[in-house]
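Q: attaching a predicted model along with its sequence, questions to come.
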Amino acid sequence: MTDQTDVVSVAPYGIPPQQGLYDPTYEHDACGVGFVVDIKGRKSHAIIRQTLTVLKNLLHRGASGSEPNTGDGAGILIQMPHAFLARECARIGMALPAPRHYGAGLVFLPTDPSQAAKCQAAFEEIILDEGQTLLGWRDVPTDDMPIGPSAKAAKPTFKQIFIGRNPAIQDDRAFERTLYVIRKQVEHIVYGSTLPQRRLFYIPSLSSNTLVYKGMLIGDQIEATFPDLTDPAVESALALVHQRFSTNTFPRGRWPTRTGTWRTTARSTHCGATSTGCAPARRCASPTCCRI
């Protein structure tokens with residue numbers, strides 16, 4: 001008989017090897033996902049509404065704890081709603097350039113104003129380092145009414161950031177890569193800092209093509225929590241939704257997915273600008289640097 005200690009040995013991260021009657025080829029994630037798309041590429045608010053209906057119909061594929069109104073995580077990804085964002089930014093005195101000539105993203109910040117300001121300052125420094133322009137920040141309207149006590153206790157400050165594209169960048173994909181480098185460098189700086197609320201910081205999206213709304217939510221809470229999504233000016237030709245169910249998934253990266261935060265997403269700990277550091281060597285000699 002095979003020694004029992006050999007049978008149950010499992011690598012620290014990843015799917016266990018085949019053993020006994022267990023076959024890892026049958027393993028699968030249990031999250032609820034769905035999408036709606038107009039195959040002719042016609043943007044409309046109807047796509048948003050229909051996709052949110054899909055999310056509500058996936059309630060059985062989402063997890064909640066002892067509080068039925070605190071979810072394990074839900075979100076929606078849409079094409080950049082330029083008309084909506086241009087209108088809202090104009091209201092706060094910010095002029096957006098043409099589509100694809102700016103990047104935008106949802107940013108989770110500490111609830112302490114001084115710590116949030118330090119995170120924003122780090123963001124702005126990296127944007128300038130990468131030759132881009134900070135256009136400004138927008139406060140994202142939210143409604144706490146639907147969410148439970150645990151979600152409220154872990155809730156960060158929500159803002160959207162807008163980054164102007166350097167005219168020297170002629171290729172759309174090159175701008176996307178620049179936004180990715182900015183995002184990863186900022187994450188590394190904040191997570192490597194001593195800010196008490198650094199774990200509230202997260203960047204769910206930063207792109208010139210798409211925008212994300214997400215959080216520690218149940219599927220039917222997202223449109224009430226983020227009123228932006230009910231505005232008829234928010235249009236997209238496609239939308240994707242995800243409702244997280246983590247109880248039978250295996251961590252596949254260096255950091256396992258963690259519950260109890262509004263991130264509810266596994267992530268890497270370095271920026272990806274180089275293989276071992278938070279930024280190219282000309283800017284950062286140490287992978288553990290901190291600009292805060």
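A: Good, I have the coordinates.
Q: in this structure, which spans are helices?
A: Here the chain has its helices, by DSSP state H, at 4-7, 45-56, 82-91, 113-129, 149-154, 172-191, 222-225.
Q: which residues of this protein score low on pLDDT?
A: Scanning the chain for pLDDT under 70 picks out 1-14, 28-30, 61-65, 246-292.
Q: how about the strands of it, start to end?
A: Applying DSSP state E to the chain gives strands spanning 32-37, 74-79, 102-109, 133-139, 157-164, 210-215, 238-243.
Q: okay, buried residues for stretch 125-143 please.
A: 125-127, 129-130, 132, 134-138, 140, 142 (16 or more other CB atoms under 10 Å). Every C-beta, even on glycine, is put in place using the N, C-alpha and C of the backbone.
Q: same check on stretch 147-158?
A: 147, 148, 150, 151, 154, 155, 156, 157, 158.
Q: what's the farthest-apart pair in those?
A: Greatest spatial distance among the buried residues of stretch 147-158 (CB to CB): 148 and 157, at 18.9 Å.
Q: residues near residue 46, how many?
A: 14 (other CB atoms under 10 Å).
Q: if I look at it, how far off is residue 52?
A: Between residue 46 and residue 52 the computed distance is 11 Å (CB to CB, to the nearest Å).
Q: with residue 241 instead?
A: Distance of residue 241 to residue 52, computed by CB to CB: 7 Å.
Q: mutual contacts of those two, please.
A: residue 76 (CB atoms under 8 Å, 6 or more residues apart in numbering).
Q: neighbour count winner among the two?
A: Counting neighbours by other CB under 10 Å for residue 241 and for residue 52 shows that residue 241 has the greater number, 25 against 20.
Q: residues contacting residue 190?
A: By CB under 8 Å, 6+ apart, the residues touching residue 190 are 119, 122, 198, 201, 292.
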